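K.L.:
based on what follows, work out the 3D shape:
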Amino acid sequence: MRFWIGICAMICLMPLKAIAAGQASLTLGQAVALVLENNPQLQAADFDARAAAERIRQQSQGTPWKLGLDLDRFAGSGEADGTRNLETTLSLSRVMELGNQAELRGKVARHSVGLLRHEQDAQRLDLLAEAAKRFIAVARIQEERKLARQQLVVMQKTLKDVERRSEAGNAKPGELSRSRIGLARAELALEGTEHRLANAIRQLAVMWGEFQPGFQSVSANLWRLQAVPSYESLERALSRNPALAGLATAERLAEARLRLARASRRPDIDISAGLHHYNETDDVGLMLSLKVPLGADKRNRPYEAEVLALAEREPLLAKDKRLALRATLFGLHQELMHERHRHKTLMGRIIPAAEQALADYTRGYSAGRYSLLELTQAQEILLQARMEALDAAVAHHENHIQLDRLVGAGPSAGVSP
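P.N.:
Okay, the predicted model is just below:
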């Protein structure tokens, strides 16, 4: 509840109109607020909730009263010709349910609605997690575009160095063509990021029902990684997962169905009372009718046995679900720690060494000590290391999103600027 109250506050405070007007770069918090406010699936879920509330009212109703009119010895032949011997019965009847079945049906409906609420909570968290992943995807392509621009600058400088060496007669045959090819590939890579970025932005915008995005970029810092929470704290928070919260409701629903099935052992009584009018003598008499079905208990036993079997399976399904979620949680926690360590190693050791190596090869190539092939390999090593660091950062954030989803929390703002 604290999470959803916080989200409602975010919706009230976020400058959503500025985003719609294309005047702001989108943050993760704003994306979450837009999804909660405008996602078509969540809006449709509101109508499901209204329909579910009406189902409770439907199931809680008792059997209806029936007003009957019977005409006997009407328009026959002989003595029954005409209406002289007409007998008319006006009655009021109802099937009387024993065992408080209407209240029990209402309880079954309420627990079913409880399950629906848990399913809607899970759907809401799934949508927020998906929106966060698409947000991360946009942020990743933005970083890839930066790296592509850096690589383009490097290739432009390399081409100039090769041209100078070629003019001086110090370049090997084919080096000028290879450097031009490298520059063309760098330009293509940069151009490719523009198309992928436009598509990723649109894929994010459709999460809140827009096809024409009202923003051009997202504001995120993928390189800042959140601290890894302890597994013990995550396991304690796992109870907020809607799937686990729904297990108790599912057990209560099974118990309510079992009570309703047992209440159905008692046969319903069809009772009818009214006035009987004899047209021939103009007399009026009272009528009373009672009908009780036979063998109700025997017919109800298979239904009760079915409901009992379904009720007894619920604890086993709950145990299996808890174990599966704990195992998933443990695996995500391990991946989170691994990606953080990988990112730290790349940023702290591998990339600085690759930058130093490239600087040495660049100076060495200008001085004629290294070939263009060796320089190109150094450039590729640095670019690959930076891409691996970006991969590790993105994987870290995506695992964090999955952890947040698993413990029933909204996507964290670890990628906020």
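K.L.:
now do the strands in the chain.
P.N.:
66-72, 87-96, 269-278, 283-291 (DSSP state E).
K.L.:
and the third one, how far out from the chain middle?
P.N.:
Mean C-alpha position of strand 269-278 versus that of the full chain (Cα atoms, centre = their mean, to the nearest Å) differs by 57 Å.
K.L.:
can you list contacts of stretch 301-316?
P.N.:
If you take Cβ atoms under 8 Å, 6 or more residues apart in numbering as the criterion, stretch 301-316 is touched by 247, 250, 251, 254, 255, 257, 258, 260, 261, 262, 264, 265. Any C-beta I mention is one placed from the backbone N, CA and C, and that applies to glycine too.
K.L.:
can you tell me which two in those residues are farthest apart?
P.N.:
Greatest spacing in the contacts of stretch 301-316, by Cβ to Cβ: 247 and 265 (28.6 Å).
K.L.:
these two: which has the busier surroundings?
P.N.:
Between residue 247 and residue 265, residue 247 has the larger neighbour count (other Cβ atoms under 10 Å), namely 20 against 16.
K.L.:
in space, not sequence, find me the middle residue of this protein.
P.N.:
Residue closest to the mean C-alpha point of the chain, counted by Cα atoms, centre = their mean, is residue 126 at 1.8 Å.
K.L.:
touching, that one and residue 406? I think so.
P.N.:
No. Applying Cβ atoms under 8 Å, one finds residue 126 not in contact with residue 406, separated by 11.3 Å.
K.L.:
what's next to stretch 242-254, contact-wise?
P.N.:
Applying Cβ under 8 Å, 6+ apart, the set of residues contacting stretch 242-254 from outside is 108, 111-112, 114-115, 118-119, 121-122, 125, 238-239, 307, 310-311, 314-315, 317-318, 321-322, 325, 408.
K.L.:
contact partners for the residue nearest to the centre of the chain?
P.N.:
Shown in contact with residue 126 (Cβ under 8 Å, 6+ apart): residue 405.
K.L.:
ditto for residue 336
P.N.:
Shown in contact with residue 336 (Cβ under 8 Å, 6+ apart): 228, 396, 399, 400, 403.
K.L.:
list just the nearest of the residues you listed to residue 269.
P.N.:
Using Cβ to Cβ, the shortest approach to residue 269 within those belongs to residue 403, at 57.4 Å.
K.L.:
could you report the neighbour count for that closest one?
P.N.:
Every residue meeting other Cβ under 10 Å relative to residue 403 is counted, giving 22.
K.L.:
contact partners for the closest residue to residue 407 other than its chain neighbours?
P.N.:
Spatial nearest neighbour of residue 407, chain neighbours left out: residue 237 (4.0 Å); criterion: Cβ to Cβ, 6 or more residues apart in numbering. Residue 237 makes contact with 407, 408, 409, according to Cβ under 8 Å, 6+ apart.
K.L.:
most neighbours of all these, which one?
P.N.:
Neighbour counts for those, by other Cβ under 10 Å, peak at residue 407, which reaches 21 neighbours.
K.L.:
quick check: that residue touching residue 231?
P.N.:
No. If you go by Cβ under 8 Å, residue 407 and residue 231 don't touch, sitting 11.4 Å apart.
K.L.:
who touches both of those two?
P.N.:
Contacts common to residue 407 and residue 231, judged by Cβ under 8 Å, 6+ apart, are residue 329.
K.L.:
helices along the stretch 251-400 of the chain, start to end?
P.N.:
Counting by DSSP state H, counting those that start in this stretch, the stretch 251-400 of the chain has helices at residues 296-345, 351-366, 372-406.
K.L.:
which among those helices is found nearest to residue 95?
P.N.:
Proximity to residue 95 (Cβ to Cβ) singles out helix 296-345 among the helices of the stretch 251-400 of the chain, at 12.4 Å.
K.L.:
run the angle between the closest one and helix 351-366 for me.
P.N.:
40 degrees (axes from the mean of the first three to the mean of the last three Cα atoms, to 10 degrees).
K.L.:
for helix 296-345, what is the distance to the chain centroid?
P.N.:
18 Å.
K.L.:
now do that helix, average pLDDT.
P.N.:
Averaging pLDDT along helix 296-345 yields 87.
K.L.:
now the angle from it to helix 372-406?
P.N.:
Using the same axes, to 10 degrees, the inter-axis angle of helix 296-345 relative to helix 372-406 is 150 degrees.
K.L.:
quick one, which of the contacts of stretch 301-316 are buried?
P.N.:
Neighbour counting by 16 or more other Cβ atoms under 10 Å classes 247, 250, 251, 254, 255, 257, 258, 260, 261, 264, 265 among the contacts of stretch 301-316 as buried.
K.L.:
what's the separation between the fifth one and residue 114?
P.N.:
Which is residue 255. Using Cβ to Cβ, to the nearest Å, residue 255 is found at 13 Å from residue 114.
K.L.:
name the residues of stretch 169-183 that are buried.
P.N.:
Using 16+ other Cβ under 10 Å as the test for burial, stretch 169-183 gives 171, 175, 176, 178, 179, 182, 183.
K.L.:
stretch 211-225 too?
P.N.:
Neighbour-count burial for stretch 211-225 [16+ other Cβ under 10 Å]: 213, 214, 215, 217, 218, 219, 220, 222, 225.
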